[in-house]
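> quick one: sequence plus predicted model below, questions after.
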Amino acid sequence: MNDKIKVLVSEEDVNNKIREIGAQITKDYAGKQVHMICVLKGGAFFMCELAKRIDLDVSLDFMAVSSYGSGTESSGVVKIVKDLDESITGKDVLIVEDIIDSGRTLAALKEMLLQRNPASLKICTLLDKPDRRVTHVDVDYVCFDIPDEFVVGYGLDYDQKYRNLPYIGVVVNEEQQ
Ligand code: IMP
Ligand code: MG
């Protein structure tokens, strides 16, 4: 952990916002069971916190995808690395993501999951970088819109590190210190 991390969203602000979004989801899904699908690995911390703030029956499943592209850009060709354990047919599905960047991964994932005939399909993301959007995707719940900076923490990694930070931060390069 030699990099310097600048706090972008504090632990308190993240947790308060998740509480708020959890209350909103509780209202919106009243009388239903929310079937939460976590997109691994980034969405894991967020999903656990969010699930605790939803005052309804909740079931959980996990999926891992990889999108191939050149360099750091995702391509929109999404490959399922780990599929769901259970069928989503007839369920009220809520996809839980860490961040939406170009939108390619989520747009492709949504398309794939809709073919499995869920009763409904909504998307909830911890972070959104609207300035980076290439592919349009309707997002139902967004905790924070952030500027075009590479962020870590609360599930998000830089080279697999920093997922366990309890806040959202920006890695400051040596030259910028
Ligand atoms: P996209 O929306 O298809 O471009 O890709 C979104 C995925 O890229 C996310 O699920 C993250 O795994 C990764 N990603 C995008 N921006 C960041 C960031 O700032 N920090 C860490 N991972 C990111
Ligand atoms: Mg992700």
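Right, received. Where do you want to start? Ligands and ions are numbered 1, 2, ... in the order given.
> secondary structure element for C48?
Taking DSSP states H and E as the criterion, the element that holds C48 is helix 44-52.
> would you mind finding the longest strand in this structure?
Scanning the chain for the strand with the most residues, using DSSP state E, yields strand 58-68.
> need the residues that contact the helix or strand that comes right after that one.
The first helix or strand that comes after strand 58-68 along the chain, using DSSP H and E, is strand 77-82. When contacts are defined by CB atoms under 8 Å, 6 or more residues apart in numbering, strand 77-82 is touched by residues 40, 62-69, 104-105, 108-109, 112. Placement of C-beta: from N, CA and C, glycine included.
> switch the cut-off to 7 Å
40, 62-68, 105, 108-109 (CB atoms under 7 Å, 6 or more residues apart in numbering).
> just those residues now: which is nearest ligand 2?
T105 (6.8 Å; CB to the ion).
> since we're on the nearest residue to D85 once chain neighbours are set aside, how many residues are nearby?
Among residues not flanking D85 along the chain, D61 sits closest, at 5.7 Å (CB to CB, 6 or more residues apart in numbering). By other CB atoms under 10 Å, 16 other residues sit near D61.
> re earlier: figure out how far the helix holding C48 is from the centre of its chain.
10 Å (CA atoms, centre = their mean, to the nearest Å).
> before we move on, what about stretch 87-107?
8 Å.
> whether that stretch contacts ligand 1 - can you check?
Yes. Against ligand 1, stretch 87-107 shows contacts by CB under 6 Å from any ligand atom at 97-106.
> looking at those residues, which are in helices?
The helices, defined by DSSP state H, take in 104-106 from the residues of stretch 87-107 next to ligand 1.
> which residues touch V14?
154, 167-168.
> ok, now which ones touch the closest residue to S120 other than its chain neighbours?
Setting aside the residues directly before and after it, S120 is nearest to D92 in space (CB to CB, 6+ apart), at 4.8 Å. Shown in contact with D92 (CB under 7 Å, 6+ apart): 29, 32-35, 119-120.
> what does Q24 give?
Y141.
> what segments of the chain are helices?
11-28, 44-52, 104-114.
> can you lay out the ones you listed as CSV showing mean pLDDT?
Formatted as CSV, the helices of the chain follow (pLDDT from 0 to 100):
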stretch, mean pLDDT
helix 11-28, 98
helix 44-52, 98
helix 104-114, 94
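> tell me the spacing between S87 and S59.
12 Å (CB to CB, to the nearest Å).
> compare the two (neighbour count), which wins?
Set S87 next to S59 and count neighbours by other CB under 10 Å: S59 wins out with 14 against 11.
> and for the residue lying closest to the more buried one once chain neighbours are set aside, the neighbour number?
The shortest distance from S59 to any non-neighbouring residue, by CB to CB, 6+ apart, is to H35 (5.0 Å). Neighbours of H35 under the rule other CB under 10 Å: 23.
> perfect, that will be all.
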